[in-house]
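In: Kindly return the folded structure for what I paste below:
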Amino acid sequence: MKDITEVSVLYHGAIVGRLRMIKGKCIFEYDKSWLAEGFSISPLELPLKEELFVAGETSTFGNFGVFNDSIPDGYGLYLINKMLRLHGLSIWNLSQLQLLSIVGSSGMGALEYRPQIDFIPHQDRKDVSDYEELQRKAWDVLSEKDESSASLLYYNSGNSGGARPKVVLSDKDNRHWIVKFRHLSDPEDLGKTEFEYMKTAERCGIKIPEVKLVEGKYFATERFDISKDGIRLHTSTAAGLLGVDFRAQTADYSNLLALTGYLTQDPAQVEQMFRLMVFNIVSINKDDHSKNFSFIYREPSGWELAPAYDLTYSPEGTRGEHSTSIMFKGNPSLDDVLKAGTGIRISKNRCLDIVGEIQTICAQHLEHTVKLLD
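Out: So this is what the prediction gives:
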């Protein structure tokens, strides 16, 4: 693959800025026209000003978090590597600029990257709606039985993140969905469990996307990075905005609460993050890493907390602890929860009311829960 020395970042056709690499680190500079009329795509790492930004020491693979968000992890990255292997290449030999060029215009959110590298053969550029077939093909590739379907699966995945196989699709009403499949070791009722968790979260006052069960077993969630009228929205995860590696236990809910307040300037949305934190503790969702929280930028109103996603029973987490700690504790107590809430100016009584409400609802609808209040 030819080397790429510069990547242009676009938003709805307008050039946001340009990325280069020096000594293994990305550098970014906003375009002058964007500085005049645009917005900061990542307020902490890339404030809107005329400056040459260099990715920090804690950045992921020498990239800025907001751009690293565009590169799929887990399943998507695995498929990219499979496609590269067919060309005698390896993902580990590619630069961040080359990976972004592979993503091109097919990533989640509204950012696009030029030049675009295309590895997908013409015959694999087709939408597949047979979920049983997609599940079987995904298992064949994941079990190393057959690599021939990698590009077809990648084309249908839309560069969505996460460890499990997925497909993105649009229905007859032009609504956009992500449908999840099981990984090799996942239980058969995985989709049903995630559906139940998401609906329980909704009962707990947590904003979620539209969700459904397809064929009674495949969990589907409506994409929140595309508006109801089909406009792609700039979206970034908490990991991307904070510039941290989601694989490491580096984020704390106090960071997420503060980030929510800083971006949205809205106490109601801070309380939403607090509710989500409590729900994850009570429902034993320990896969609550910093890429499982996102924020959306809407013009002209600004940043808002995205609907909750990836909520399910997950007792493993990071070495048996929550992937995002509370007051730096991986298995937090009620006292830690209250400190996090009151530290962001939610009253103690309000925190206790929310904990009691969520604990009661989860106990009614979920098999596994943790008691914070006696």
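In: can you pull the buried residues of the longest helix along the chain?
Out: Longest helix in the chain by number of residues, with DSSP state H as the criterion: helix 348-365. If you call a residue buried by 16 or more other CB atoms under 10 Å, then helix 348-365 has these buried ones: 351, 352, 354, 355, 358, 359, 361, 362, 365. Any C-beta I mention is one placed from the backbone N, CA and C, and that applies to glycine too.
In: Need the pLDDT of the last one.
Out: Which is residue 365. pLDDT, residue 365: 98.
In: The stretch 151-300 of the chain: strands as residue ranges?
Out: In order along the chain, the stretch 151-300 of the chain carries the following strands (DSSP state E, counting those that start in this stretch): 166-170, 176-180, 211-214, 218-222, 234-237, 294-298.
In: Of the ones you listed, which shows the lowest average pLDDT?
Out: Among the strands of the stretch 151-300 of the chain, strand 166-170 carries the lowest mean pLDDT (a mean of 90).
In: Parallel or antiparallel, list what pairs with that one.
Out: strand 176-180 (antiparallel) (DSSP bridges).
In: tilt between the strand it pairs with and strand 218-222?
Out: Going by axes from the mean of the first three to the mean of the last three CA atoms, to 10 degrees, strand 176-180 is angled at 150 degrees with respect to strand 218-222.
In: Need the contact partners of strand 176-180.
Out: Strand 176-180 is touched from outside by 131, 158, 160, 162, 164-171, 190-191, 194, 214, 218-223, 226, with contacts defined as CB atoms under 8 Å, 6 or more residues apart in numbering.
In: so can I have CSV of the buried residues of helix 348-365 showing distance to residue 323?
Out: Below are the buried residues of helix 348-365 laid out as CSV (distance: CB to CB, whole Å):
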residue, distance to residue 323
351, 22
352, 25
354, 22
355, 20
358, 19
359, 21
361, 23
362, 19
365, 23
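In: Out of these, flag the one nearest to residue 206.
Out: Within those, the smallest distance to residue 206 is 8.7 Å, found for residue 358 (CB to CB).
In: how much space is there between the closest one and residue 351?
Out: Distance, residue 358 to residue 351, by CB to CB, to the nearest Å: 11 Å.
In: ok, now residue 201?
Out: 18 Å.
In: that older thread, figure out which of the strands of the stretch 151-300 of the chain is closest to residue 312.
Out: Across these, the minimum distance to residue 312, taken as CB to CB, is reached by strand 218-222, at 8.7 Å.
In: ok, the closest one: who's next to it in the sheet?
Out: By DSSP bridges, strand 218-222 pairs with strand 176-180 (antiparallel), strand 211-214 (antiparallel).
In: Show me the shaky parts of the chain.
Out: 58-59 (pLDDT under 70).
In: how many neighbours does the closest residue to residue 331 other than its chain neighbours have?
Out: Closest residue in space to residue 331, ignoring its immediate chain neighbours: residue 321 at 5.5 Å, by CB to CB, 6 or more residues apart in numbering. For residue 321, the count of nearby residues is 15 (other CB atoms under 10 Å).
In: partner residues bridging residue 321?
Out: Under the criterion used (DSSP bridges), residue 321 bridges to residue 318.
In: residues contacting it?
Out: 249, 286, 330, 331.
In: Hmm, residue 112 is touching residue 105, no?
Out: Yes: Residue 112 is in contact with residue 105 according to CB atoms under 8 Å; the separation is 4.3 Å.
In: and those two? which has more neighbours close in?
Out: residue 112 (21 against 12).
In: Which secondary structure state does that one sit in?
Out: State at residue 112, reduced to three classes by DSSP: H, G, I helix; E, B strand; the rest coil: strand.
In: Quick check: the gap between it and residue 86.
Out: 25 Å.
In: ditto for residue 26
Out: From residue 26 across to residue 86, the span is 27 Å (CB to CB).
In: Tell me the buried residues in stretch 202-221?
Out: 202, 204, 206, 207, 208, 209, 211, 217, 218, 219, 220, 221.
In: Perfect, I'm done here.
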